[in-house]
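Novice: Quick one, what's the 3D model for this:
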Amino acid sequence: MGMLDKIKICSAIEAKRLSHEYFVINVASVKENPCADVVLPLITSNFIPMSKNIVLIPRLDILTFTIDYGLRKKGYVCVHCTAGLERSPLVVAWYLHIYESVSLDEAYNMIRQIRPQVFDRRSWIKYNSVEEFLEHSSRD
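Specialist: Numbers count the residues shown, from 1 in each chain. Predicted structure coming up:
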């Protein structure tokens, strides 16, 4: 499975058990796991509007850098949200897209091979790639 051998997507409950072995990144909220190495919620509320008007790319980029840092520091990273089904898979898919140069389709396919129950939440991102984001930004 390559990179996903070193990155685990899981729920907050699972992450608490892994904190000794893994660099734990909590993308939910402090209350979900205050003992994580890094707490950086992907969103600031519990509700994400289903419109594509949210630009999550800057926060996703910070989180992918944090995954890379955690891999260098501990060798293994655990990314978790509340249930490990929406936010954390999106963060890991973005990491694979940026650091492993795979499409988001490929990234979600890789993730589903080890965690089939995940939901594809690319609709939460206004743009499908960094290139699309930069192309749109240069027109503004």
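Novice: Tell me where the protein has helices.
Specialist: 12-18, 57-74, 87-99, 104-114, 130-139 (DSSP state H).
Novice: which one of the ones you listed lies closest to V30?
Specialist: If you check each of the helices of the chain against V30 by Cβ to Cβ, helix 12-18 wins as the nearest, at 10.9 Å. In short, each C-beta sits where N, CA and C put it, glycine included.
Novice: I would like the residues contacting that closest one, please.
Specialist: Residues outside helix 12-18 that contact it (Cβ atoms under 8 Å, 6 or more residues apart in numbering) are 8, 10, 22, 24, 26, 28, 32-33, 35-36, 78, 80-84.
Novice: One more pass at 6 Å, please.
Specialist: Helix 12-18 has contacts (Cβ atoms under 6 Å, 6 or more residues apart in numbering) with V24, E32, N33, C78, H80, T82.
Novice: same question, stretch 68-86
Specialist: With Cβ under 6 Å, 6+ apart, stretch 68-86 has contacts from 6-12, 15, 18, 22-28, 32, 67, 87-88, 91-92, 118-119, 121.
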